[in-house]
Each structure stands twice: as structure tokens, then as C-alpha cells.
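*Asks:* sequence? don't have it. structure:
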């Protein structure tokens, strides 16, 4: 099936439907197709917004949809966040940038919303004021907004990552967020900062923005950083500054700038931008195996 526009979001499958965000005639839009590739519906929401710079692999529809039993939640570079029924009817819409200011990212916005408790949560990690904002899934009303600001060098305060909902060492659900040289944990109920882990940019370098999201399993996050040069293992949980207590390993010499790693059953799999694959023990960071995809002229992004 040929799509009506260039979107860089990941399709989301729920039941027998596939949902994806895509620009249609310079408008933020949502497309639903069935598992056989037949279009079920499309919903055009409003005019899109171009960023400071465009990227040949990006679009105004980079964030991926997230779906529950009632709604499809979509987010766009314009700041538009909307909830649709599974049949494509718009239930509510808000605009984060109209409410709290346009994003200051240098490249096309890429963070996706996540579901946490009764809310849908959107991260905005950028130059200037950064925050997490939670909206009631049913109404779109603001449930909470939590500022998330760290002093960094130029561009290192910008992130294109997506938070992860996880359970900490005490069994409580926490929103794990990566960006601005810090991995942070926030309470699902009110967005309160529970813990923060730093040490990801000890020389305080500029231009260390992050794109790849962490991988998380077994209470440990594998965090790629340093523009392909490092990966660190961080135990989820604790209180306050956990930099010294919860960083459990670090590897130097490889990593991922764009592709997000995945973790399962005590292992983390890291695809580098040039196609090398590293499988590490999630608890120790030690090598289990290494391989590579066939050589390609272009970088890997997914």
C-alpha cells in the first residue's frame, strides 16, 4: 500500500487494525489500515508545522501513535496531541506549543507519547524550558506538568527520546525519561521527580543531544549516549541522585546514535548506526556475541 505522505513514525498494531501518523497535504493526519493493507479511514486534523531544520529521513509526523482499548493517541511536530476513537472520530485535541511555547529542537521532533496510569504523557526535552506533561485519557485535560531542566552545553539539552513505563526496585510504576545528560524517574500520579542519574557527559561536551531511547528489562536500563561512543547500565529506582549508587556498568567504543536498543531475558541488543550488532549481558555489560548486518551505504535509523 502506498502512503499518502512521508511519515517516519512506527505503525502501531491493535487487534486487527494498524494505526500510523502521516502528513497529508501538509496537514497532521492519522491513517488506519487493516492487516491486509486495506485503508479503513483517515483523519486530517490540522495544518502541520515545519521545524528549524528539515531532515531527509524525517517528517512532521515522526512520533508514533499509542493505543488503548478506547482511543488512539497521536502527537505531531506542530505540538498537536489528539485522541481518536478506533473508528477515527476525534474525541479531543490540545496543542502543547500553543499552551507552553514552540519547541526549540534543532531537528524534527521525534518523541512519542506513552500511557501511564489514567493519563497519556508527552516529553518535551529541549533548549530552554523542558517538561513532561500528562493529559487525562478521557478528556484531554492537563493532569500534571513537571519541569525537567538541566544546565548543559549547546544542544546537549535536546532529546528525541520516548519515555518508558517501568517498575522500580520497590515495585512502584515510574516514568523513565532520558535526555539532557540525565536518566530520570518520575511518579506516574503527579510527575514528581523521584530519582536522577547523571554522569553521562563528564566533560560537559556540547552537541551530545540524544536520539536513541534506552532499553529496559529486569529493572535495568541500557542507555546509549555520546553519539555512538558509550553504553551504560543503570539500575532503576532509588531516591535523589543515584549516579554513584545505581550505575552498574559502562562500555566504551561502540553504541547507537539513532537506533534504540532492545532488552529481554537478561540481554540487551544494540544495533549501531553502521549495522554492527552487540549482544550484552544486561546485568554486567559483558559481551555475549557480536555480529553485523550486510553492509549498507546509508546509516541505520530504526
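*Replies:* Okay, I see it. No experiment lies behind these values; they were computed from the predicted model shown.
*Asks:* C-alpha only now, for contacts and for neighbours.
*Replies:* Will do.
*Asks:* Helix, strand or coil: sort out the residue lying closest to residue 170 once chain neighbours are set aside for me.
*Replies:* Closest residue to residue 170 apart from its sequence neighbours, by CA to CA, 6 or more residues apart in numbering: residue 237 at 7.6 Å. Local secondary structure at residue 237 is given as coil here, using DSSP: H, G, I helix; E, B strand; the rest coil.
*Asks:* looking at it, residue 237 is touching residue 185, isn't it?
*Replies:* Yes. In this structure residue 237 lies within contact range of residue 185 using CA atoms under 8 Å: 7.4 Å.
*Asks:* Now the common contact residues for these two.
*Replies:* residue 195 (CA atoms under 8 Å, 6 or more residues apart in numbering).
*Asks:* ok, these two, which is more surrounded?
*Replies:* Each of residue 237 and residue 185 has its neighbours counted (other CA atoms under 10 Å); residue 185 has more, 29 against 26.
*Asks:* quick one, what contacts that one?
*Replies:* By CA under 8 Å, 6+ apart, the neighbours of residue 185 are 174, 175, 176, 177, 193, 194, 195, 196, 236, 237.
*Asks:* Now, these that are in strands?
*Replies:* Using DSSP state E, the members of those that fall within strands are 174, 175, 176, 177, 193, 194, 195, 196.
*Asks:* quick one: the last one and residue 186 touch, right?
*Replies:* No. Using CA under 8 Å, residue 196 is not in contact with residue 186, being 9.1 Å away.
*Asks:* so where is the chain shaky, pLDDT-wise?
*Replies:* 52, 55 (pLDDT under 70).
*Asks:* now the helices: where do they sit in this structure?
*Replies:* Remark: helices assigned in the chain by DSSP state H are 96-100, 243-246.
*Asks:* Could you list the buried residues of the last one?
*Replies:* Right, helix 243-246. 243, 246 (16 or more other CA atoms under 10 Å).
*Asks:* How about residue 33, nearest residue that isn't a chain neighbour?
*Replies:* Using CA to CA, 6+ apart, the closest residue to residue 33 is residue 39 (4.2 Å).
*Asks:* Same question for residue 50.
*Replies:* Nearest one to residue 50, counting by CA to CA, 6+ apart, is residue 60 at 6.5 Å.
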